[in-house]
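S.K.: fold the following and give me the result.
(one chain, ligands or ions: 1)
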Amino acid sequence: MGDEDWEAEIIKPHVSSYVPVFEKDKYSSGANGDTFNRTSASSSEMDDGPTRRDHFMRSGFASGRSLGNRDAGESNKRENTPTVGGFGVGKGFGNRGFSNNKFEEGDSSGFWKGYQDGNDSEASGPSRRGGRGSFRGCRGGFGLGRPSNEYDQDEGTQRAGSLFGSRRPALSGAGNGDTYQSRSGSGSGRGGYKGLNEEVITGSGKNSWKSEAEGGESGDIQGPKVTYIPPPPPEDEDSIFAHYQTGINFDKYDTILVEVSGHDAPPAILTFEEANLCQTLNNNIAKAGYTKLTPVQKYSIPIILAGRDLMACAQTGSGKTAAFLLPILAHMMRDGITASRFKELQEPECIIVAPTRELINQIYLEARKFSFGTCVRAVVIYGGTQLGHSIRQIVQGCNILCATPGRLMDIIGKEKIGLKQVKYLVLDEADRMLDMGFGPEMKKLISCPGMPSKEQRQTLLFSATFPEEIQRLAGEFLKSNYLFVAVGQVGGACRDVQQTILQVGQYSKREKLVEILRNIGDERTMVFVETKKKADFIATFLCQEKISTTSIHGDREQREREQALGDFRCGKCPVLVATSVAARGLDIENVQHVINFDLPSAIDEYVHRIGRTGRCGNTGRAISFFDPESDNHLAQPLVKVLSDAQQDVPAWLEEIAFSTYVPGFSGSTRGNVFASVDTRKGKSTLNTAGFSSSQSPNPVDDESWD
Ligand SMILES: Nc1ncnc2c1ncn2[C@@H]1O[C@H](COP(=O)(O)OP(=O)(O)OP(=O)(O)O)[C@@H](O)[C@H]1O
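M.R.: This is a model prediction of the structure:
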């Protein structure tokens, strides 16, 4: 699975399990609305005196969640309850049916009992959805069945009838293939969360583009306004250019094989000087601490400078962002871009899209850094923030627009952005941007009125993974003569991450997690779980264990998500429990460990998750809990990823992989999971990153892709 919004939800949230945002304040006594509202039911378990409360305050965790309480008197209890902390607002933590499962087997703590009790009533409540029960599939314990397909069949129905239900959108079940089901989060007025990890485009009619923001702000879907305005980015030069050190393995990048396919690829460059960038850019590169190009930069920069379309695949943390930003900025400078001025309709030269809000914000900060001192103005817009704020940012001038897809389409729909001047279209995490979650939106984008055809614009696709089928889809976006750069093995894991797979059953995971985290101490650790609810649950649990933890997932408000990330970045909370929303792209200094409490269902997601550590030549560790009850399908691709990255492969994993052998998946090809090469099968050249690329001598058969 890997995409929380395709929702292997622990259990579908009952409508009433959410406290709508607009009611939140009534339950909150904290000045900022970040309150932890303990209920009497949970207080017997949770309110065990100052220590625990202090811990919650320290960790900034678990506000507004009633742990295991679903009764009708909840709101009163909340109002009477002291509040602490800064984590999570307005969620009834209780869920249905936990009492029936074995998740807490053997755990007689009051907390769990309260949790169970709180859920009992819900489990038998009238609103419990038939058929699903609380415990889907084979995961048992946590009720975490993996859905058989990415779009949970029930979701549309539930969402359609639910004002405050899960925000996971679904393609409309109404039979109109062009219409997207509105996220129910729009009803709650909160940032939406697209089929995968981000905001959804909602539609009330055929081919219409609407969003949570529109629904929430324009009022045709009932709900409170999204009012969150993100804090402005730092203005001082030191903060703009703050960076972390490259690691001991940075120079080893030079030994990685690079494959370039397609016609007439320009030779790679070996130094920044060879790129012949303007002085301001060179100054910014130096201030950013970049002295040497990474392989993906050596190859991509000259390709982009030559005006070619590009699909580039390089390991996590190896500098893909600068690989596209620098040549785009160089072009803009070369073309004598004029400072954009206040205008109601802005026409950016470059649009960059990425699947998550935090990632697009990070890309924006990079764009701002590299364009420092130039007249190029970068702007970022993303869901979960006030639409008016996005518009205000844009109208002040916009050369580079960094956006998540939903917000981008909103703004285009509001005619604040014209596409006529677009020369560069960048899809970061391109495989995700083109898959069934975002692919339809991206297609809409390229067919929007005014958008230059692919022949007239330069399209750049970057990711660490590029499954074959996605590469084929990409043909629609790229000129037929695009170049393909593969640094190392397409879809391979970063070798600087030491990977360990432990066989841990569902019921032993928490104990093992605590054991590992205690050994780790204060080192920064990301813990990935499969669902939003479980993220809250595990984060709460860790806080109870006195491990300062925060969490990030798609059901948290944007402000909370940013706060959580901030607390993690600065080390206030050294443990971040996350869903796959944080799997891709996030570049956080000093993340030394990644723990897959739950493995994702797709191997590419695994590669991205563990890539949050071991970045830019630094080393990192990834520990994954493999539950044979649910993860056997991953054994084969895991063995492949481990062996490709020269990691130890446990014998037991090999045995499982062998016994679950899937024809068509061999040691040398990744079947549908990974492409080992450019799927056009053009002749390619293998080089180490230190040498110049030669060119593909043969034509490639890519016409049929148009
Ligand atoms: N040439 C370079 N020299 C030094 N640091 C660099 C260089 N290029 C990139 N970096 C730094 O390396 C880190 C990782 O870069 P970036 O986030 O672009 O990786 P990525 O390949 O996009 O990773 P992911 O696949 O996870 O998205 C960033 O902190 C970036 O500033």
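
S.K.: which regions of this structure sit below the pLDDT cut-off?
M.R.: For the chain, the stretches with pLDDT under 70 are 1-223, 662-677, 681-706.

S.K.: how about the residues of it near the ligand?
M.R.: Residues of the chain found near the ligand (CB under 6 Å from any ligand atom) are 243, 246, 289-290, 292-294, 297, 314, 316-322, 464, 585, 587, 611, 615-616. Every C-beta, even on glycine, is put in place using the N, C-alpha and C of the backbone.

S.K.: pretty sure Gln489 contacts Ser643?
M.R.: No - counting by CB atoms under 8 Å, Gln489 sits too far from Ser643 to count as a contact (10.8 Å).

S.K.: quick one, which of these two is more surrounded?
M.R.: Remark: of Gln489 and Ser643, Gln489 carries more neighbours, 21 against 13, as counted by other CB atoms under 10 Å.

S.K.: and the helices in the stretch 401-550 of the chain, which stretches?
M.R.: Assigned by DSSP state H, counting those that start in this stretch, the helices in the stretch 401-550 of the chain fall at 405-413, 430-434, 439-446, 468-474, 509-520, 532-544.

S.K.: let's have these in CSV, adding mean neighbour count.
M.R.: Shown next, in CSV, are the helices of the stretch 401-550 of the chain (neighbours: other CB atoms under 10 Å):
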stretch, mean neighbour count
helix 405-413, 26
helix 430-434, 28
helix 439-446, 19
helix 468-474, 20
helix 509-520, 16
helix 532-544, 25
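
S.K.: got a markdown table for these, with distance to Gln346 too?
M.R.: Formatted as a markdown table, the helices of the stretch 401-550 of the chain follow (distance: least, CB to CB, whole Å):
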| stretch | distance to Gln346 |
| --- | --- |
| helix 405-413 | 9 |
| helix 430-434 | 22 |
| helix 439-446 | 16 |
| helix 468-474 | 27 |
| helix 509-520 | 47 |
| helix 532-544 | 35 |
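
S.K.: which SS state does Asp648 fall under?
M.R.: Classification of Asp648 using DSSP: H, G, I helix; E, B strand; the rest coil returns coil.

S.K.: once you drop chain neighbours, what's closest to it?
M.R.: Leu642 (7.3 Å; CB to CB, 6 or more residues apart in numbering).

S.K.: what do you get for Glu366?
M.R.: Here the residue nearest Glu366, using CB to CB, 6+ apart, is Thr321, at 5.0 Å.

S.K.: can you check Leu359 too?
M.R.: What sits nearest to Leu359 in space, not counting adjacent residues and going by CB to CB, 6+ apart, is Gly585, at 3.9 Å.

S.K.: tell me how many other residues crowd that neighbour.
M.R.: 26.

S.K.: state whether it is indeed within a strand.
M.R.: No - counting by three-state DSSP, Gly585 is not found in a strand; it is coil.

S.K.: against Ile552, how distant is Glu560?
M.R.: Going from Glu560 to Ile552 by CB to CB, to the nearest Å gives 8 Å.

S.K.: hmm, I typed the wrong one, I wanted Asp567.
M.R.: Using CB to CB, we find Asp567 at a distance of 10 Å from Ile552.

S.K.: which one's more surrounded, these two?
M.R.: More crowded of Asp567 and Ile552, by other CB under 10 Å: Ile552, with 26 against 22.

S.K.: what residues does the more buried one make contact with?
M.R.: Ile552 makes contacts with Glu358, Ala535, Arg561, Ala564, Leu565, Phe568, Leu576, Val577, Ala578, Thr579, Val581, Ala582, as judged by CB atoms under 8 Å, 6 or more residues apart in numbering.

S.K.: most neighbours among these, which one?
M.R.: The member of the contacts of Ile552 surrounded by the most neighbours (other CB under 10 Å) is Val577, with 32 neighbours in all.
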